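> Need a 3D model of the following:
(chains A and B)
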Amino acid sequence: MLWNKIYKIKDSVDVYLVDDEFILFYFMNTRTRKRFRINENVINLIEEIDGKRTAEELYKDFIIKNDISKYEFSLFIDKMIEANVLIERLDKHVLSNNDINRYDRQINYFSEFLGSELEAEKAQLKLKESSIGIIGCGAVGGDIAIQLAMAGVESFVLMDYDTVEESDCTRHMYYDRSDIGRKKVEVLSDKLKAINSQIKTYISYSVFTPDTNMDTFLEKSTFVVCTADEPYLGYTANLTSQLCVPRMISHYIAGGFDAHLASTGELVIPYVTPCAACYATYFEHKLKDWKPKKHPVVKRATEFGGLSSMSLFSASFACIEIVKYICGLVDMKENYKKRAEFLFDGMELVYLEPERNPNCSVCGGKKA
Amino acid sequence: MNYKLRSSVSVVDLGNNVLELFKTNTRKAIHLRTQDQTIERLILNMDGQTTIEELGERVGVDVTTKEFANLISYLKSKAIIANDNLVVKRSDYAKYRRVIHFIEDYSSSDESLLEMWENIRNATVVIIGLGAVGTWTAVNMVRSGVKNFIFIDNDIVDITNLHRQFGYTEHDIGKKKTSVLATRLKQIEPQVKIKEINAFLDDTTLDSLDEKVDLIINCADKPTVDQTSEWVGRYCMKTRIPHIVGGGYNLHISLVGQTIIPYETACYNCFDMQLKEINDIEGTNLKRLNTKNRKIGSFGPMCSIVASFIGMEAIKVLSKHITPDNINRRGNFDIYDMSLEYKQFEKKIDCSWCGESI
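Residues are numbered from 1 along each chain as shown, chains lettered A, B, ... in the order given. Just a heads-up that it's a prediction; the model follows:
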């Protein structure tokens, strides 16, 4: 320990006194516990540690009422640091005071994954400096943008050709009645800026097809989210992987109506996780004996079901994975998740088991 | 009346005379064992335009027989053919068609779909605590067609709320959460009626309610989630109101709270009794020491995913037709490995709130 440093008890550690004889630290993160035999001095000291005073100041205040030598005091602090109970507070910050204040609790959350306040602030900075390209600003795409803006992303590249219609208001988190008839990208851009006035958006009104020029969109995006569902999600997902994999842009495939309700979608890290084309091959194989007949109803699209809570599930799941990846909270190259379906009926999460296709036309054969 | 195969139902011939009718909304399949292709052809000609007589002629089936009537009534009871004849005439159909066609999966007739939808439309929902889980839950309910709300919270919007609580912007800082959220929701749906109770929940707050309430969702964590859930539980048992324990979070674990139907499922006290039994096994003389200036981290998407679970359970309860799933259990959603696990609880016969002696 250093006398001019400030130490605090980690926020994720519960402290218990057992039979007035032991002190028990419970680590909420790992659900493990450590026990030490103690005396009354130690109980008083633990209750004094406030994360505001330096070790020197704390010692001076403490010896007024308690009998403890400087040596014993430093031994105790060292022991607690070694046991992962105490951490050193940060005295130099990488974020502005405004950002620290605004994202205080989230930074705190990150620090539990990353082990220090400095790394947590750096993680928050990664969000701030990311630019998220969103292809398709429907229910799930819009929800993802909103949640990432709340979490601290300040640049978005938004792409959607469509305008807001009345029934959109029931499923989308961000459309109001007064937005009916406006372009979805413009409405979403306004909503993002209302959450955080620092947010910058770049808007594209293009339809996403193989012929669309995506150069500017991809240059401006550090991460891409595809939720476009026309003609269908598998098609636009494939197109997204084709564009992003060779450029080494990680992307997330999410949303899509009709049998995609409350899907988790999936994170694609080029040459590490299965890409959208690998998923297509997987489904082709899995559904080879399952071919729906031509449906008799001609205009079906307006009669599919959906609940906003199901879109919110998909968007929230995607945002957790995206933030974990961008901020490095978890090593996603090792711990990425494959797509799962959340079942409204039964409230269970069922994971699928696609693998990378070694002969994939998009990501096969090469190594990162 | 013309019959129509529901747009969200896929028909797959599995061979060996087995026909699969797959409801894509809820991913539920019904398998029909058939003698020949007649039923498949009938279903695949139900386009909503063709009259019954034309249908019979086209497929070569006598539509006046009892067998035909039985088939139709079976397909309607399983929501394979449309039950939307009564709801499509409603003025709110265009706006809420996605919700309506979703719950149609659970309908057994035109009347039952209308009834479920009216139950949802006319319900009154109390949301206690407009923080991260409460705000996302409220907007979800509005988007699902619920019109009447009572919000209970006394907090004002703070800059540190914006990273995880829906509906609050930089312009709202310093204003009451109840009225900011109410204004926001009325922009989405001008018909919503919201009663704002600007108070923090205590053991008597709910006694002042004089409305007929259909569901109470507790998202309040002050003084603690356990304490507010106990107060809500006691009131709801007395008044027989279904309630959902909104859940909370402990770092990377989100708690998926239970749905309680008074006197039918395990109540809050039944859960508490069983949780205490678990803790007793570890039992020692434990005393918790307070850590000064402790801040517990929080993360928006972790809260909104819990709100999405609440939103789904709430629709089941409000429909008065779809059985909720999170009864007699509560779940842990682990952000670290994205797993969802449930722990089962049971309704205790010796429960002092709902047991046999009551």
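> And residue 111, which helix or strand is it part of?
Answering for chain A, as no chain was given. In this assignment (DSSP states H and E), residue A:111 forms part of helix A:104-114.
> wrong one, I was asking about chain B
Assigned by DSSP H and E, residue B:111 belongs to helix B:110-122.
> where does residue B:319 fall, phi/psi-wise?
Dihedral pair for residue B:319: phi -70, psi -20, per degrees, to the nearest 10.
> For chain A, see how far away it is.
To chain A, residue B:319 is 11 Å away according to C-beta to the nearest C-beta, to the nearest Å. Any C-beta I mention is one placed from the backbone N, CA and C, and that applies to glycine too.
> How about residue B:132?
Taking C-beta to the nearest C-beta, one finds residue B:132 at 10 Å from chain A.
> Hmm, residue B:162 and that residue touching each other?
No. Counting by C-beta atoms under 8 Å, residue B:132 does not reach residue B:162; the two are 10.7 Å apart.
> neighbour-wise, which of the two wins?
residue B:132 (28 against 23; other C-beta atoms under 10 Å in any protein chain shown).
> Can you name the residues that contact the more buried one?
Contacts for residue B:132 (C-beta atoms under 8 Å, 6 or more residues apart in numbering or on different chains) come out as B:164-166, B:298, B:300, B:303-304, B:307.
> do residue B:222 as well
Residues in contact with residue B:222 (C-beta under 8 Å, 6+ apart) are B:129, B:200-201, B:228.
> count of neighbours near residue A:209?
Residues contacting residue A:209 under the criterion other C-beta under 10 Å number 12.
> Just the helices from the chain, written as ranges.
No chain in the question, so chain A it is. A:40-48, A:55-63, A:70-82, A:97-102, A:104-114, A:117-129, A:139-151, A:168-171, A:184-195, A:215-220, A:233-244, A:276-286, A:308-327, A:332-335 (DSSP state H).
> not quite, I wanted chain B
Secondary structure of chain B by DSSP H: the helices cover B:38-44, B:52-59, B:66-77, B:93-103, B:110-122, B:132-143, B:177-188, B:225-239, B:268-282, B:300-319.
> Make JSON lines from those helices and add mean pLDDT to it.
Listed next are the helices of chain B as JSON lines, based on pLDDT from 0 to 100:
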{"stretch": "helix B:38-44", "mean pLDDT": "96"}
{"stretch": "helix B:52-59", "mean pLDDT": "95"}
{"stretch": "helix B:66-77", "mean pLDDT": "96"}
{"stretch": "helix B:93-103", "mean pLDDT": "94"}
{"stretch": "helix B:110-122", "mean pLDDT": "98"}
{"stretch": "helix B:132-143", "mean pLDDT": "95"}
{"stretch": "helix B:177-188", "mean pLDDT": "95"}
{"stretch": "helix B:225-239", "mean pLDDT": "95"}
{"stretch": "helix B:268-282", "mean pLDDT": "82"}
{"stretch": "helix B:300-319", "mean pLDDT": "96"}
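> returning to that earlier point: by neighbours, which of the contacts of residue B:132 wins?
Counting neighbours by other C-beta under 10 Å, residue B:304 comes out on top of the contacts of residue B:132 with 33 neighbours.
> Show me which residues of the stretch 51-200 of chain A are close to chain B?
A:51-52, A:101-113, A:146-147, A:150-152, A:166-167, A:169-173, A:175-178, A:194-197 (C-beta under 8 Å from any C-beta of the partner chain).
> Mark which of those residues are buried, thanks.
Neighbour counting with 16 or more other C-beta atoms under 10 Å in any protein chain shown marks A:51, A:102-113, A:146-147, A:150-152, A:167, A:169-173, A:175-176, A:194-196 as buried within these.
> residue ranges with poor pLDDT in the stretch 251-368 of chain A?
A:256-259, A:366-368 (pLDDT under 70).
> Likewise for the stretch 51-200 of chain A?
A:169-173.
> tally of neighbours for residue A:21?
Residue crowding around residue A:21 was assessed by other C-beta under 10 Å; the count is 11.
> Now do the contacts for it.
Going by C-beta under 8 Å, 6+ apart, residue A:21 touches A:37-38.
> residues in contact with residue B:107?
Neighbouring residues of residue B:107 by C-beta under 8 Å, 6+ apart: B:79, B:83, B:113, B:116.
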